[in-house]
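> Fold the following and give me the result.
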Amino acid sequence: MAEESVPRAESDTVTVLLVDDHPMFLDGLCGVFLPPDGFRVVGVATTGAEALALSVSAVPQVVVLDLGLPDTSGVEVTRRLLADRPDVRVLVLRPRPDSRPSRG
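Below is the predicted model of the structure:
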């Protein structure tokens, strides 16, 4: 028997803030969190400062956060997020050591 798509109540939807400084990766993440799978992206940030501001204005339940942000470490962003919003859940993404372009 095929599953029918049942509309979710707003209260069943998990709100998500995505934070990464790579646009192509952010696009992919947005695709993962598309409705009707129970998620709603309420903001996208490319810096720690943007993430902290959006966490206040968009009030996400979950923040998907890259550790390697250009302006602030993901560890510091997580510390500040949890200090302001202890109810938020943070999923940390860590780049593989060989995934960043080398400079030389």
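> what's the weakest-modelled helix or strand in the chain?
The helix or strand of the chain with the poorest confidence is helix 23-32; it has a mean of 89 (mean pLDDT, DSSP states H and E).
> tell me what that one is packed against?
If you count contacts as 3 or more Cβ pairs under 8 Å, 6 or more residues apart in numbering; DSSP states H and E, helix 23-32 packs onto strand 14-19, strand 39-45. Backbone N, C-alpha and C define where each C-beta goes, glycine included.
> now these as CSV including distance to G68 and mean neighbour count?
Output for those, formatted as CSV (distance: least, Cβ to Cβ, whole Å; neighbours: other Cβ atoms under 10 Å):
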stretch, distance to G68, mean neighbour count
strand 14-19, 11, 23
strand 39-45, 14, 19
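> Which among those strands is found nearest to D66?
strand 14-19 (6.0 Å; Cβ to Cβ).
> just to revisit the earlier point, what angle do the least confident helix or strand of the chain and strand 14-19 make?
Orientation note: helix 23-32 sits at an angle of 170 degrees relative to strand 14-19 (axes from the mean of the first three to the mean of the last three Cα atoms, to 10 degrees).
> A51 in helix, strand or coil?
Classification of A51 using DSSP: H, G, I helix; E, B strand; the rest coil returns helix.
> how close does it get to T72?
8 Å (Cβ to Cβ, to the nearest Å).
> Count the neighbours of L52 for me.
Look at L52: counted by other Cβ atoms under 10 Å, it has 19 neighbours.
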